[in-house]
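Participant: The sequence and its predicted three-dimensional model are supplied below.
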Amino acid sequence: MDIKFVFLWSDILIYVLILSVLSTLFYINKQEHTRNSVYKIFCQKIGLISFLILLFYVAIALLDSIHYQKQVSLDRYSNKIYSVLDSILSPWDEVDEVSYSSPFADELYHQSNIPGQDSELIYVNTSTKIFKTIVKVFSINTLVFGFCLYSVILMLSRLCNKGFFTMRKIIFCKKPKQGICIPWRTAIYTIYIIATLFFILLVLSKSYHIFGTDKIGQDVFYKTLKSIRTAMIIGTLTTLFMLPFACVFGICAGFFGGKVDDIIQYIYTTLSSVPSVLLISAIILILQTQMNIHPEWFPNSTSRADVRLIALCAILGITSWSGLCRLLRAETYKLREMDYVNAGKVLGVSKTKIMIRHIFPNLMHIILITITLSFSGLVLSEAVLSYVGIGVDPSTYSFGNMINAARLELAREPVVWWSLTSAFVFMFILILSANLFSDSVRNAFDPKLN
């Protein structure tokens, strides 16, 4: 089957963000003091574990960001847009049940009154079959992971001109004899646990609805994995809109002072005085009205939902840059009095070059700490805004929309609890990992702690 790749605006911004991250890492690698600080992040076990969990979420989001359309005839492609994640999770995206079914259920959650719409679930001896499947996947994953680990250790031993057992002892050592090092043993155990749990869920989901189904019979586990992309986009792409305002205004206010500082202070003080929820609501409603008036702007519903997602990121970025701007302004006030800055002024270096080459690099630790700390808050903001109906498009998979839908499900009798639980668990792990990783970043970059 022929396919045609589709590039949504959010996909393009994700690729831009990846290039920005790679450029930042390349720049950090040249700066010894910054490189050592980044090294300290991964020398902390909590920081390393949380980073690997976040990396797992990022991998799912990236797989869900490669979109394409399937060819339905010789010169026509389907209007529905798929992703690589959909191909991996197929046929989970298909609705194969009538209505609610609880996790690992063998019948619908309630009897249908419509003739011909009975349950398709025919699981027999569910507990025994599940146990056998878990043992089988666990054994296969252990063997494959052990072989891969053996191959990596063997390759490293040849590259480092050391024996296999010597390299294995270095990787699995509990306490290094000299200095600090990355706890590779912790990283290996974490990767093994994440891979094992994911493949167990992956295999079980081919035969069961492990998290149940929703009102229209769609698999909840599929919806939860699809919601990860939305959470990652809100938490990361918002920085693309926030950083230019915060960096430019903060550095200019602190470096120039005077009237420039007064004008910038007036701007972000006025912006901060407006309730963010009301401002976001007004802009979203205006945008939604324009989208309804001009449906010809969007070739399909996916493009329409994607534009609203990008608009939400832009609004959150525009309304959340004032905090970082204040921090950068205060730090720039201190840096502009340093000897190397005064020396650059005496030597006739332009103010623009001084801000770019001397001020901005010394603000990177504040920027990195603020970005990591604000990630979890942005993810929660999407959930809250979608819950009240002013977040992402209702057709977009997100934790906020799942929680909003679960509001009515909790009032049912019997209670439908699995949609809310699955969204809560995955969002809780994401936010907890982000908070722990941000603590590790702060410990590594904070000059007072070093």
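Facilitator: Cool, the structure landed.

Participant: hey, let's count contacts and neighbours off CA atoms from now on
Facilitator: Will do.

Participant: Number of residues surrounding I263?
Facilitator: 14 (other Cα atoms under 10 Å).

Participant: again, but for F437
Facilitator: Neighbour tally, F437, other Cα under 10 Å: 27.

Participant: can you tell me which residues contact it?
Facilitator: 46-48, 50-51, 372 (Cα atoms under 8 Å, 6 or more residues apart in numbering).

Participant: From these, which land in helices?
Facilitator: Within the contacts of F437, residues falling in helices by DSSP state H are 46-48, 50-51, 372.

Participant: Out of the residues you listed, the closest to L271 would be?
Facilitator: Closest approach to L271 among those (Cα to Cα): T372, at 22.7 Å.

Participant: give me every residue that touches that closest one.
Facilitator: Contacts of T372 (Cα under 8 Å, 6+ apart): 434-435, 437-438, 441.

Participant: same for the helix or strand hosting S87, what does it pack against?
Facilitator: Remark: S87 resides in helix 84-89, with elements defined by DSSP states H and E. Where contact means 3 or more Cα pairs under 8 Å, 6 or more residues apart in numbering; DSSP states H and E, helix 84-89 is packed against helix 45-63.

Participant: Name the residues of the helix it packs on that are buried.
Facilitator: By neighbour count on 16 or more other Cα atoms under 10 Å, the buried set for helix 45-63 is 45-54, 56-58, 60-63.

Participant: List of residues touching that helix?
Facilitator: 41-42, 83-85, 183, 186-187, 190-191, 194, 225-226, 228-230, 232, 430, 433-434, 436-437, 439-441.

Participant: give me every residue that touches I310.
Facilitator: 9-10.

Participant: what's the distance between it and V21?
Facilitator: 19 Å (Cα to Cα, to the nearest Å).

Participant: so where is the stretch 351-450 of the chain shaky, pLDDT-wise?
Facilitator: For the stretch 351-450 of the chain, the stretches flagged by pLDDT under 70 are 446-450.

Participant: residues contacting the spatially most central residue of the chain?
Facilitator: Centroid-nearest residue in the chain: M232, 2.5 Å away (criterion: Cα atoms, centre = their mean). Contacts for M232 (Cα under 8 Å, 6+ apart) come out as 57-58, 61, 379.

Participant: and those residues as JSON lines, adding distance to F138?
Facilitator: Below are those laid out as JSON lines (distance: Cα to Cα, whole Å):
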{"residue": "Y57", "distance to F138": "22"}
{"residue": "V58", "distance to F138": "24"}
{"residue": "A61", "distance to F138": "25"}
{"residue": "V379", "distance to F138": "32"}
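
Participant: of the contacts of T372, closest to I367?
Facilitator: For these, the nearest to I367 is V441 (10.9 Å; Cα to Cα).

Participant: Just the angle for the host helix or strand of that closest one relative to helix 45-63, thanks.
Facilitator: Secondary structure from DSSP H and E places V441 in helix 418-445. Helix 418-445 runs at 130 degrees relative to helix 45-63, counting by axes from the mean of the first three to the mean of the last three Cα atoms, to 10 degrees.

Participant: Now do the buried residues in helix 418-445.
Facilitator: 418-420, 422-424, 426-427, 430-445.

Participant: now swap in stretch 212-226 and tell me
Facilitator: Applying a neighbour-count criterion of 16+ other Cα under 10 Å, one finds 212-214, 217-226 buried in stretch 212-226.

Participant: quick one: terminal-to-terminal distance for that stretch?
Facilitator: Across stretch 212-226, first to last residue, Cα to Cα, it's 15 Å.

Participant: Would you pull up how far that stretch lies from the middle of the chain?
Facilitator: 20 Å (Cα atoms, centre = their mean, to the nearest Å).

Participant: Run through who's touching that stretch.
Facilitator: With Cα under 8 Å, 6+ apart as the criterion, stretch 212-226 contacts 60-61, 64, 89, 92-105, 209-211, 397-399, 418-419, 422-423, 426.

Participant: Could the C-alpha coordinates of stretch 70-82 be exported in CSV?
Facilitator: Taking C-alpha atoms only, stretch 70-82 is exported to CSV below (Å, rounded to 0.1, in the frame of the first residue of the first chain):
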residue,chain,number,x,y,z
LYS,A,70,-3.0,5.8,3.1
GLN,A,71,-3.8,5.4,-0.6
VAL,A,72,-7.4,4.3,-1.2
SER,A,73,-7.4,4.4,-5.0
LEU,A,74,-5.0,5.1,-7.9
ASP,A,75,-5.0,8.9,-7.5
ARG,A,76,-6.7,9.4,-4.1
TYR,A,77,-5.6,9.2,-0.5
SER,A,78,-7.8,8.8,2.6
ASN,A,79,-8.8,11.9,4.6
LYS,A,80,-7.9,10.2,7.8
ILE,A,81,-4.3,10.8,9.0
TYR,A,82,-2.4,8.0,10.7
